[in-house]
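S.K.: need a 3D model of the following:
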Amino acid sequence: MKHTFKALLSLLLAIGFLTACGTDDGDQSNKKDTAETTQDQSGYPLSLNDALDHKVTLEEQPKHIVSLIPSNTEILFELGLNEEIVGVSDFDNYPEEAADKEKIGGMEFNVEKIVSLDPDLVLAHESTAKSAEEGLSQLKDAGINVFIVHDAKSFEEVYNTIQDIGTLVGKKDQAESIVSDMKSDLKTIQEKAKDISDKKRVYVEVSPSPDIYSPGKDTFIDQMLTMVNAENVMNDQEGWVKVNQEAVISSNPDVIITTYGYYSENPKEQVMGRDGWKSVNAVKNSDVEDVHSDLVTRTGPRLVEGVEEIAKSIYPEVFAE
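M.R.: Just a heads-up that it's a prediction; the model follows:
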């Protein structure tokens, strides 16, 4: 029962925190944020429109920040804001320092706890803004600045998110550097992948039996597979797909990737031991690998690591260290 709960929670986080995405990295049509230019030498006061087109104005660089979602937290830590982060969600597990921060709840956060931390800024997220509307309003009524981060649907939008957060917290140059490094690393991966002639067919499983789900087209994972020159066998379906095992068997993938090994024991053995799967090429050749879910679902700096881990799982001979 415990593993089933964790599986469902993991899937909810993937669907709720990382919704379907297109494959056009250049599409910035959803980006509304523009910092106002009336500022002193420190860059403040500063105003920025959030994902709901609400103007958020900061009079000075925030000294106490609360993050309501793991991806925002990872970005803040990457920007070097360990001391400024005073509260994070119950799901935050990276980096290690996140464990030392005050926990403010999960999908339903503790408004009183957040207020007690006296934050200058609360970073919320578009994917949960509707369900958390009442709590966010209470925070605003308490005089706290709440910025709702865009629910990124492409790598380009992830870059925009990092830059927006960097601008808000006075770390614009650091944010630009992070984005530049991500783009460079991703380009290196794609350069290696472009010459692969024997394109492999891949099945990705984001939750185990009995409620098996897989990413179809218009998801980050599908986009990642395209980037490394692989074919998603579930690409004929949209979004997060509840899996028909017979359909997977008939699709006969060359590689199977799971993303739940951090909470479910022996994911490879689980897949390879299923009735009827012994005829699948990936099972016959023992090409079943596990990639940590956080690397391929959290819209932050580690997404490129996720692409690399997927590439290594599919084409180890090309992407070996």
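S.K.: now for the helix or strand harbouring Val283, which elements pack on it?
M.R.: Using DSSP states H and E, Val283 sits in helix 281-284. Contacting helix 281-284 under the criterion 3 or more C-beta pairs under 8 Å, 6 or more residues apart in numbering; DSSP states H and E are the following elements: strand 255-258. Where C-beta positions appear, they are placed from N, C-alpha and C, glycine not excepted.
S.K.: mean confidence for the strand it packs on?
M.R.: If you average the pLDDT over strand 255-258, you get 98.
S.K.: what's around Glu59, how many residues?
M.R.: Neighbour count for Glu59, taken as other C-beta atoms under 10 Å: 10.
S.K.: can you list the residues that contact the helix holding Val283?
M.R.: Tyr203, Asn252, Pro253, Asp254, Val255, Ile256, Val271, Met272, Trp277, Lys278, Asp287, Val288 (C-beta atoms under 8 Å, 6 or more residues apart in numbering).
S.K.: and the residues you listed, which is closest to Asp50?
M.R.: Set against Asp50, the nearest of these by C-beta to C-beta is Tyr203 (37.3 Å).
S.K.: confidence score at the closest one?
M.R.: According to the prediction, Tyr203 has pLDDT 98.
S.K.: Pro45: neighbour count?
M.R.: 13.
S.K.: scratch that, Asp53 is what I was asking about
M.R.: Residues contacting Asp53 under the criterion other C-beta under 10 Å number 9.
S.K.: same question, Ala142
M.R.: Burial of Ala142 is recorded as 14 neighbouring residues (other C-beta under 10 Å).
S.K.: does it touch Val115 like I think?
M.R.: Yes. Between Ala142 and Val115 there is a contact under C-beta atoms under 8 Å: 5.1 Å.
S.K.: which residues touch Lys55?
M.R.: Contacts for Lys55 (C-beta under 8 Å, 6+ apart) come out as Ser47, Leu48, Asn49.
S.K.: closest one of the residues you listed to Glu305?
M.R.: Closest approach to Glu305 among the contacts of Lys55 (C-beta to C-beta): Leu48, at 27.8 Å.
S.K.: for that closest one, give its distance to Ser67.
M.R.: Distance, Leu48 to Ser67, by C-beta to C-beta, to the nearest Å: 16 Å.
S.K.: so between the two, which is more surrounded?
M.R.: Using other C-beta under 10 Å, the more surrounded residue of Leu48 and Ser67 is Ser67, with 30 against 19.
S.K.: coming back round to it: send me the helix holding Val283 as PDB with only the CA atoms.
M.R.: What follows is helix 281-284, C-alpha atoms only, in PDB (Å, rounded to 0.1, in the frame of the first residue of the first chain):
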ATOM      1  CA  ASN A 281      13.300  -7.100 -27.500                       C
ATOM      2  CA  ALA A 282      14.200  -4.900 -24.500                       C
ATOM      3  CA  VAL A 283      13.400  -7.800 -22.100                       C
ATOM      4  CA  LYS A 284      15.200 -10.400 -24.200                       C
END
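S.K.: which other residues reach the helix or strand following it?
M.R.: Sequence order places strand 288-290 as the next helix or strand after helix 281-284, per DSSP H and E. By C-beta under 8 Å, 6+ apart, the residues outside strand 288-290 that reach it are 255-261, 267-268, 271-272, 282, 313.
S.K.: nearest to Tyr159 among the residues you listed?
M.R.: Thr259 (23.1 Å).
S.K.: what residues are up against the closest one?
M.R.: Val204, Glu205, Val206, Asp290, Val291, His292, Ser293, Val296, Thr297.
S.K.: tell me the one among these nearest to Leu123.
M.R.: Using C-beta to C-beta, the contacts of Thr259 come closest to Leu123 at Thr297, 17.9 Å.
S.K.: right, and that closest one touches Phe220 too?
M.R.: Yes. If you go by C-beta under 8 Å, Thr297 and Phe220 touch, sitting 7.0 Å apart.
S.K.: low pLDDT regions in this structure?
M.R.: For the chain, the stretches flagged by pLDDT under 70 are 1-42, 321.
S.K.: can you give me the strands in it?
M.R.: Residue ranges of the strands in the chain, as given by DSSP state E, are 46-49, 55-58, 65-67, 85-88, 102-103, 121-125, 145-149, 201-205, 213-215, 231-232, 240-242, 255-258, 288-290.
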